[in-house]
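1. Here's a sequence, model it:
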Amino acid sequence: MDHSRNTLGALRKSLLDSVAPAVDRADPLASEQLPLVADYLEFLRTRIYRIHERSRFELGEYLRMADGVLARVPTRSIPAIGELTKHTDTARSARESASTGTTELIELGATLAAAISTVVQDESLPDDVRLAVGKWVTEASRNLLAFERSWYAPFGFEAAPEQLRSIDEFL
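-> Predicted coordinates:
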């Protein structure tokens, strides 16, 4: 049985109950950082068993983005498109496999995002194609951004957190 959630809770409690009283209150950096670390441990405790789902979701969003980019670039002759196609095929196979681990999903997502970025920045593309690809990537990023806002909502940065979708709606 995995005890990660309980262990993170115990670490947070230890930090607040044992370490916090020993921190010099005159040290503004330590006084600021201690609650941030404690809050992040609590956040991680609530999300730890959702990280694999998150990684699979994010990879799916990057695949959707990559498919849209490939549909908008008429030529396959530029090296960036060949790389994007290769990474898209690899990522799709990995995402469809139930045995793909979390770390691999995260790495494939980062690789695919970088390949998309390379195409967006490729100056050999005609201006109208680059504009269409850039617009697509911006539009396709909305769902990923909405998810990120919901994922990190517990930190309290959102002005209207009640308007955010639940992470369950994404995953």
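2. what packs against the helix or strand where Lys13 lies?
-> Using DSSP states H and E, the element containing Lys13 is helix 4-14. Helices and strands touching helix 4-14, by 3 or more C-beta pairs under 8 Å, 6 or more residues apart in numbering; DSSP states H and E, are helix 28-47. Quick note: C-beta positions are derived from backbone N, CA and C, even for glycine.
3. Return the set of buried residues in the helix it packs on.
-> Leu34, Ala38, Leu41, Glu42, Phe43, Arg45, Arg47 (16 or more other C-beta atoms under 10 Å).
4. Send me the helix or strand just after that helix as PDB with only the CA atoms.
-> As assigned by DSSP H and E, the chain's next helix or strand after helix 28-47 is helix 51-72. The C-alpha trace of helix 51-72 is given here as PDB (Å, rounded to 0.1, in the frame of the first residue of the first chain):
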ATOM      1  CA  ILE A  51      -0.300  13.400 -11.500                       C
ATOM      2  CA  HIS A  52      -0.400  10.500 -13.900                       C
ATOM      3  CA  GLU A  53      -3.900  11.600 -15.100                       C
ATOM      4  CA  ARG A  54      -2.600  15.100 -15.500                       C
ATOM      5  CA  SER A  55       0.400  14.000 -17.500                       C
ATOM      6  CA  ARG A  56      -1.800  11.900 -19.800                       C
ATOM      7  CA  PHE A  57      -4.300  14.800 -20.200                       C
ATOM      8  CA  GLU A  58      -1.500  17.300 -21.000                       C
ATOM      9  CA  LEU A  59       0.100  15.000 -23.600                       C
ATOM     10  CA  GLY A  60      -3.400  14.700 -25.200                       C
ATOM     11  CA  GLU A  61      -3.600  18.400 -25.400                       C
ATOM     12  CA  TYR A  62      -0.200  18.700 -27.000                       C
ATOM     13  CA  LEU A  63      -1.200  16.000 -29.500                       C
ATOM     14  CA  ARG A  64      -4.300  17.900 -30.400                       C
ATOM     15  CA  MET A  65      -2.200  21.000 -30.800                       C
ATOM     16  CA  ALA A  66       0.400  19.200 -33.000                       C
ATOM     17  CA  ASP A  67      -2.300  17.600 -35.200                       C
ATOM     18  CA  GLY A  68      -3.700  21.200 -35.800                       C
ATOM     19  CA  VAL A  69      -0.200  22.500 -36.600                       C
ATOM     20  CA  LEU A  70       0.400  19.600 -39.100                       C
ATOM     21  CA  ALA A  71      -3.000  20.300 -40.700                       C
ATOM     22  CA  ARG A  72      -2.100  23.900 -41.200                       C
END
